[in-house]
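1. Give me coordinates for this.
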Amino acid sequence: MDYFNPENFLGLAESEQNPDVHIVQLPYEMTTSYGQGTGEGPKAFIEASAQVELFDVRLGKDLPAGLTFSTVKPWESDAPTLRKQLDSMAVFASQFYTGTSFPIFVGGEHGILPPIVSASRNHPLVSPDLSNLTIVQIDAHADLRESLDDEPLSHACAASRSLDLGVGSLIQIGIRAFSQQEYDLIRSNDRISTHFARDLFNSSTGQQNWSKLLSQIKSINGPVHLTVDIDGLDGTLVPATGTPVPGGLNYWQLDEILIALFEGDCTVISADINEIVEQKDTPLTQFSAALIGKRIVSEHIIARTIGKWEAVKQSNDGEIEVDVFEKF
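-> From the prediction side, this is the model:
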């Protein structure tokens, strides 16, 4: 490779003029409840990505495979409250939902999800009704609490607040840590479809449940936002994440989900990878996250080539619409 810049995603040369893919760093950490360090996660992700192989066997070629990338300067805010921080993040994220590029948001705690969802209402395929949007959530935790430590905007409430914003459907994969309140909500809310890890990886019925999951993913219609909390992977792959949990997805299972999603009936308009914490003794955690980022980009490129994604110009006047998180 003739050009290498470790401050860019995958170390690639980039273009600030109408890039096809934006890598958006959201170093947000205000409500972590166990392990700390997600605020440094995006930086560790970018650094680790420079060591990821550019060749992708599904593409049959090296990245960037004819596309242009832009690693965006990290979001920052000096807003005095958590809610105003989230408002700031939503406005920042909105600029990447023009419909002409594919944004991957890198966090940061999972509290980044509601602002991203709010910003997505500006995408031409969503605007203005979030009921058009499906969230596919890979996670160890349900993140459906009403509040945690008296904070309804905690990372543990990210999926609940996204539903409150008006998201039409939530599909959860690999869930294995949840409260009774969350379990009751899963059973009673028809907008939520949860595939528990214990069912997916059961020694006798797991393969049947796995096949049902892939069928559901392939049949999703409309715009999709993919949110990957890296603790959805088994804890052996991401031991430095805030709350690593055993019994999760292995890398190839996550890869199979990505393929099914991007080749299915939906249009994946954006993705996020979150709860990245830099691992000091070995780069395994951040490297695992960076490898997932590469595979998401590769599947997006394949989706473009088979007609599952195309740039869609905004039909509105470009005015930014976001929710005000002070209401929560």
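2. So which residues of the stretch 101-250 of the chain form helices?
-> 113-120, 158-164, 180-188, 197-200, 206-218 (DSSP state H, counting those that start in this stretch).
3. and of these, who's closest to Val324?
-> helix 113-120 (9.0 Å; Cβ to Cβ). Glycine gets a C-beta too; all of them are placed from N, C-alpha and C.
4. what's the closest one packed up against?
-> On a contact count with 3 or more Cβ pairs under 8 Å, 6 or more residues apart in numbering; DSSP states H and E, helix 113-120 meets helix 82-94, helix 158-164, strand 223-229, strand 267-274.
5. Same list (the helices of the stretch 101-250 of the chain) but as a markdown table, adding mean pLDDT.
-> Output for the helices of the stretch 101-250 of the chain, formatted as a markdown table (pLDDT from 0 to 100):
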| stretch | mean pLDDT |
| --- | --- |
| helix 113-120 | 96 |
| helix 158-164 | 97 |
| helix 180-188 | 97 |
| helix 197-200 | 98 |
| helix 206-218 | 97 |
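6. May I see the helices and strands packed on helix 113-120 organised as a markdown table, with mean neighbour count and distance to Phe4 added?
-> Output for the helices and strands packed on helix 113-120, formatted as a markdown table (neighbours: other Cβ atoms under 10 Å; distance: least, Cβ to Cβ, whole Å):
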| stretch | mean neighbour count | distance to Phe4 |
| --- | --- | --- |
| helix 82-94 | 21 | 28 |
| helix 158-164 | 25 | 35 |
| strand 223-229 | 25 | 26 |
| strand 267-274 | 25 | 22 |
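7. Need the winner for burial among the helices of the stretch 101-250 of the chain.
-> Across these, averaging neighbours per residue (mean count of other Cβ atoms under 10 Å) puts helix 113-120 on top, at a mean of 28.
8. What is the distance between that helix and the centre of its chain?
-> 11 Å (Cα atoms, centre = their mean, to the nearest Å).
9. ok, and what's touching that helix?
-> 86-87, 89-94, 96-97, 105, 126, 130, 133, 135, 143, 153, 158-159, 161-162, 165, 167, 223, 225, 227, 269-270, 272, 274, 322-323, 325 (Cβ atoms under 8 Å, 6 or more residues apart in numbering).
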